[in-house]
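# okay, sequence plus prediction incoming.
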Amino acid sequence: MSKSNIVSLTALDGTKIQFEEAKCNEKGAMKAVYFSPDKSYVVGFFRKEQDRNSRERLEKIIDTYAKQLFEKDGGENLKKLFCWPTHIVEWDHNGIHKLGVVAPTYRSNFFFSGGKYKGLEKEGKWFASSKLRNKMLEDDQKGTWLSYLQICIKIARAVKRMHAAGLAHSDLSYKNVLVDPLKGDACIIDIDGLVVPGKFPPDVVGTPDFIAPEVLETVSLPKEDPKKKVPSILTDRHALAVLIYMYLLYRHPLRGGMVCDPDDSAKDEELSMGSQALFIEHPVDKRNRPKIQNLDKFELPQGDVTKLPYTLCGPFLSVLFEKAFIDGLHDPSKRPSADDWEKALIKTVDLIQPCQNPQCREKYFVFDNTKKPKCPFCGTPYKGELPILNFYYRPRPTESFRYENYRLMVFSKQSLYKWHIDKNIHPNEKLSDADKKPVGDFHLHNGKWILINRAMEELYDVSDANNHKKIAIGTSVPLTEGRKILFGKDPSSRLCVVQIVSN
C-alpha cells in the first residue's frame, strides 16, 4: 500500500487517526466514509459544513454520553448494540475544511457472508419487507421468527438506554439498524445524528415509513416555528413500534388500501402517513385494510392481515401494538416506551413453541392460549402434551403467592434460567455472566415431561401442602397437571403451577 494513499490526522482528543484517501464510500447521503488501513474503524466526513451547535452536539455524544452509557453496569454488553463514534477529526482537503467522526467498523456478522449479496451490509430493510424477503433473499439468510424476536429485544434495549440518558435518534429506521437474523443480533448506527438535550436537533426529518405523524403534519413549517415538531424521544417511540411490527409481520402498519388524495401522490403520502394516518388493522375503522388484489405476489401471504393478524404476536405485544397504532398514533404521550417493548418481547419469547412442521419457514410461533394450538404461519396443529408453567410471586415476604400474568411454554431441551425463578433478576444488559447460565432444562423422557435440576440449591415439589419434597441437583421433577414447584425459599423466589394442554 502506498504511503501517499494514507492520510494521517490528530483527533481533537490527541488520538492519531489514519485512513485511505483513495478508498472512499460515496454512498452515504450525509458523509463521505473512508476506511482505516487495518479496516478496524472508519472516518466519515460531513458533506455539509457543520455549525458550532453541531460540533458541540457531537462532542457531547462522543464524550459525555458515551461515558454515561458505557462506563456503568452492563456497559460492555450495551456497547455491542451500537456503532458509537469514538473521535472527532478535522481535515483541510483541497482548500475545504471538513469535520468528521471516527467509528468502529461494523462487526462481520452484519455483512452477507455468501450468496449473491456477499459483502453487502445487512441493512434492516432486507428483512422487514415481505417483498424483499420473498423475492430477493435466499432462505438460509432469513433466520427464524424467534431470531426476529431476539433482534427486537436488542433494538428496544438499546433505545431504552438511549432514552434514559435523554437522547433520541433523529432517524431511527431500518436504514439505521443493522440486523443479523442468523444470530438474532442488531446494531444501531448513525449515532452522530442523535438529538442531544439543549441542542438543536440535526437537520434530519427521518426516513419515510418511520417519521411520526405529528412531524409530517408540521414538516413545512420553518425551523424556528414553535409549532414545528422535531425528532424526539416521543417520535422515536413511533419509529420503534413500526420497526418491531415490520420485523415480526414483514409489512408496514400504516401502508394499506386507503387513498387520501388521488390526484397528488406527494400530498397523499403526507396525509396518509401524517394527519390522516390509520392503522391497517384497526378493529373498528377498516378503511385502510390492505386490498389483497392490489398486492404484489411477493407481498403475500404476509400482506394479508386477515390470515396473519398482529394478534399472532401474542397478548403482550398485541396490547402494545394497539397502544402504538391506535391510542398513540396521534397522541404521542400514549405511545409505549422502549422499556415497555423490551419487557413485552422478553415475555413473548417465553411463550414460543417450535413448529412441528419441518418445512415451516418461521420455525416458531407464539402459543395462542387455546386447547388446540397451531402454527399461524403454516397452519400445522401441535400434537401431543404441551406443558405450561404458570408463575406466581409474593408481592411482600409475608403475603401469599399471586398469579403474575407470566408463563413459560415448555419444549424439549429448553432451558430454565434464573430470571424465570427469581422475580428480582431481569434478563437485561446488566445481567451477570453467572446469571446467564441455565439452572434447569426440560425433556420429554419416556413419553413424560420432566424438569431436571441443574443448579438450584433449593427446588421443591410443594404439590402436597403437608409434604414438601426437595428436588436435589441432578434429579428431576415430573411436569403433570396441577403440580406445584417452588424455586426457593427467598421472598423473591417464584412458585409455578403446571398446566398441561393435550392435543
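Everything's here; your move. Just so it is clear, the structure is predicted and the values come from calculations on it, not from any experiment.

# give me the distance from stretch 476-485 to the chain's centre.
34 Å (C-alpha atoms, centre = their mean, to the nearest Å).

# dump that stretch to CSV, keeping only the CA atoms.
Below are the C-alpha coordinates for stretch 476-485, written out as CSV (Å, rounded to 0.1, in the frame of the first residue of the first chain):
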residue,chain,number,x,y,z
SER,A,476,-35.9,-34.3,38.1
VAL,A,477,-39.4,-33.5,38.9
PRO,A,478,-42.3,-34.6,36.6
LEU,A,479,-44.4,-32.0,34.9
THR,A,480,-48.0,-33.1,35.4
GLU,A,481,-51.3,-31.2,35.6
GLY,A,482,-51.6,-29.1,38.7
ARG,A,483,-48.1,-29.9,40.1
LYS,A,484,-46.7,-27.0,42.2
ILE,A,485,-43.0,-26.3,42.1
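
# now what about it, what contacts it?
By C-beta atoms under 8 Å, 6 or more residues apart in numbering, the list of residues contacting stretch 476-485 from outside reads 387, 389, 410, 442, 445, 448-453, 459-463, 471, 495-500. Where C-beta positions appear, they are placed from N, C-alpha and C, glycine not excepted.

# list the buried ones in it?
Within stretch 476-485, the residues scored as buried using 16 or more other C-beta atoms under 10 Å are 476, 477, 479, 483, 484, 485.

# farthest-separated two in those?
Greatest spacing in the buried residues of stretch 476-485, by C-beta to C-beta: 476 and 484 (15.7 Å).

# do you know the pLDDT at residue 28?
Predicted confidence (pLDDT) at residue 28: the value is 60.

# whoops, residue 25 was the one
For residue 25, the pLDDT comes out at 69.

# report the contact partners of the closest residue to residue 204 other than its chain neighbours.
Of all residues beyond its chain neighbours, the one nearest residue 204 is residue 170 (4.5 Å), with distances taken as C-beta to C-beta, 6 or more residues apart in numbering. Residue 170 makes contact with 193, 194, 195, 201, 202, 204, 206, 231 under the criterion C-beta under 8 Å, 6+ apart.

# what about 6 Å?
Applying C-beta atoms under 6 Å, 6 or more residues apart in numbering, one finds that residue 170 lies in contact with 193, 195, 201, 202, 204, 231.

# just the ones of the residues you listed in strands?
residue 195 (DSSP state E).

# shaky segments in the stretch 1-150 of the chain?
Residues of the stretch 1-150 of the chain meeting the criterion pLDDT under 70: 1-4, 25-29.

# apply 90 and report the result again.
Scanning the stretch 1-150 of the chain with the threshold set as pLDDT under 90 gives 1-5, 21-31, 47-54, 72-74, 93-96, 114-116.

# what are the boundaries of the helices in it?
Ranges of helices within the stretch 1-150 of the chain are 52-59, 66-70, 75-79, 125-128, 130-136, 145-164, based on DSSP state H, counting those that start in this stretch.

# kindly reformat the ones you listed as JSON lines containing mean neighbour count.
Shown next, in JSON lines, are these (neighbours: other C-beta atoms under 10 Å):
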{"stretch": "helix 52-59", "mean neighbour count": "16"}
{"stretch": "helix 66-70", "mean neighbour count": "17"}
{"stretch": "helix 75-79", "mean neighbour count": "16"}
{"stretch": "helix 125-128", "mean neighbour count": "22"}
{"stretch": "helix 130-136", "mean neighbour count": "17"}
{"stretch": "helix 145-164", "mean neighbour count": "23"}
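
# for residue 102, which of those helices is the nearest?
Each of those has some distance to residue 102 by C-beta to C-beta; the shortest is helix 52-59, at 11.1 Å.

# any idea which residue sits dead centre in this structure?
When C-alpha atoms, centre = their mean is applied to the chain, the residue found nearest the centroid is residue 152 (1.9 Å).

# show me the contacts for that one.
Taking C-beta under 6 Å, 6+ apart as the contact definition, residue 152 lies against 244, 247, 345.

# go on, residue 146?
352, 364 are the contacts of residue 146 under C-beta under 6 Å, 6+ apart.
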